[in-house]
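Enquirer: Compute the structure for the input listed below.
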Amino acid sequence: MGAWATGAASDAQMAAWCAMAGLRGVPYEASHAVVRALLGSGDRLELGRLGTTVDIRTTGGVGDSALVVAASCIAAAAGVIVASTGTRSIAHVGGVLDAVAAVPGVRSAMSVEEYVVQARDAGMVIAEPGDRLVPDERRLARLRDATATADGDVVVGVAAAARAISGGAGVIALDVAAGPGGLLPDLDHARAAADLTERLGAEWSRTVVSSPARRAEPLGGVAGHALEMKAAFEVLQGGGDPGLAADAVRLAASALGATGRDGGEAACGDLIADGRAAAAAERWIAAQGGDPAVVGHPGLLPQSRLRVPVIATHAGVVQGVDAGVVGAAARWLGAGRLD
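Expert: Residues are numbered from 1 along each chain as shown. As a prediction, this is how the structure comes out:
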């Protein structure tokens, strides 16, 4: 990794390492060395002075931006500071930073100083704080995407750990998606990636609580940046997809529980029911440059100019929707990285 960072090793050699790590795995010491090198490529935040800070994120999934946004707003409503550097789209899965940018006026990129100030003053920020934090992780993500080496529990765990550790939050709640809707093939690989991320986080004094889950269909029944934000806002208003709402409450409760706060999922559900979660979302959107009215009126989000209804020719039951196929289609329609 160090040789690749300095240019002594080529992109082809680094891609070969990613492929080998995905197929055969590597010793923990090698994973630790890679994370150390990625962190060493830039600055690393420590947000402990701001108070109790959490970072809610995923390893990548189809529709998972809705989960991250909804769970983050619930946690912020509970009084902790939510600070997340998010992720960009990779392979067939979306990125929360790209979804956030779909809200008119909202900035998904800002300076490190702006990132810290917003976390302190607004209680929540989801943005990419300039190019000073783990620049080589972003470079690695582009390489993984271009060379079809985005999957594999080692590579996924290393990337998630480096990104989360650099962001400075003391607690990291991580959703690890497996199956067609994620970057990992099955729950065994998801658990391995989760265990690796937890172990790596502890090396840098981060508490990582991970939730491996199989995702065969798009989370919340949506794929696409604006649609995922719409799905998140609907949940925060007390409606939306029941499965997405349950997952968001669970993930927020996991993050809050790791900070030592009581209440669990019932308390998180109350934050939605009494409007505090939606209010937290409005404060966040306003602080990041957008119109807070979008939370209560998701129709203000961008909408496709072309809509093609698909009407069944006869009665039947839809037995499943392949999230991988839907994610790939969304990517080719512009919801992902194709460069």
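Enquirer: contact partners of the host helix or strand of residue 16?
Expert: For residue 16, the host element (DSSP states H and E) is helix 11-24. Defining contact as CB atoms under 8 Å, 6 or more residues apart in numbering, one finds that helix 11-24 is touched by 1, 3-4, 26, 30, 140, 143-144, 147, 149, 151-155. For glycine as for every other residue, the C-beta is placed from the backbone atoms N, C-alpha and C.
Enquirer: can you count the residues close to residue 277?
Expert: 30 (other CB atoms under 10 Å).
Enquirer: Wait, it touches residue 72, no?
Expert: No. Look at residue 277 against residue 72 with CB atoms under 8 Å: they stay out of range, at 9.7 Å.
Enquirer: how about low-confidence regions in the stretch 1-150 of the chain?
Expert: Scanning the stretch 1-150 of the chain for pLDDT under 70 picks out the ranges 1-2.
Enquirer: ok, which stretches of it are strands?
Expert: Under the criterion DSSP state E, counting those that start in this stretch, strands of the stretch 1-150 of the chain are mapped to 53-58, 81-84, 109-110, 124-126, 128-129.
Enquirer: go on, the stretch 201-339 of the chain?
Expert: 207-214.
Enquirer: send the alpha carbons of stretch 29-42 over as CSV?
Expert: This file holds the C-alpha atoms of stretch 29-42, laid out as CSV (Å, rounded to 0.1, in the frame of the first residue of the first chain):
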residue,chain,number,x,y,z
GLU,A,29,-1.7,-7.4,10.0
ALA,A,30,-1.8,-6.6,6.3
SER,A,31,-5.3,-5.1,6.7
HIS,A,32,-4.1,-3.0,9.6
ALA,A,33,-1.1,-1.8,7.5
VAL,A,34,-3.4,-0.7,4.6
VAL,A,35,-5.7,1.3,6.9
ARG,A,36,-2.6,2.9,8.6
ALA,A,37,-1.3,3.9,5.1
LEU,A,38,-4.7,5.2,4.0
LEU,A,39,-5.1,7.3,7.2
GLY,A,40,-1.5,8.5,6.8
SER,A,41,-2.2,9.9,3.3
GLY,A,42,-4.1,12.8,4.9
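Enquirer: In that stretch, which of the residues would be classed as buried?
Expert: Under the neighbour-count criterion of 16 or more other CB atoms under 10 Å, stretch 29-42 has 31-32, 34-39, 41-42 buried.
Enquirer: List just the one of the strands of the stretch 1-150 of the chain that sits closest to residue 102.
Expert: Distance to residue 102, taken as CB to CB, is lowest for strand 124-126 among these, at 12.5 Å.
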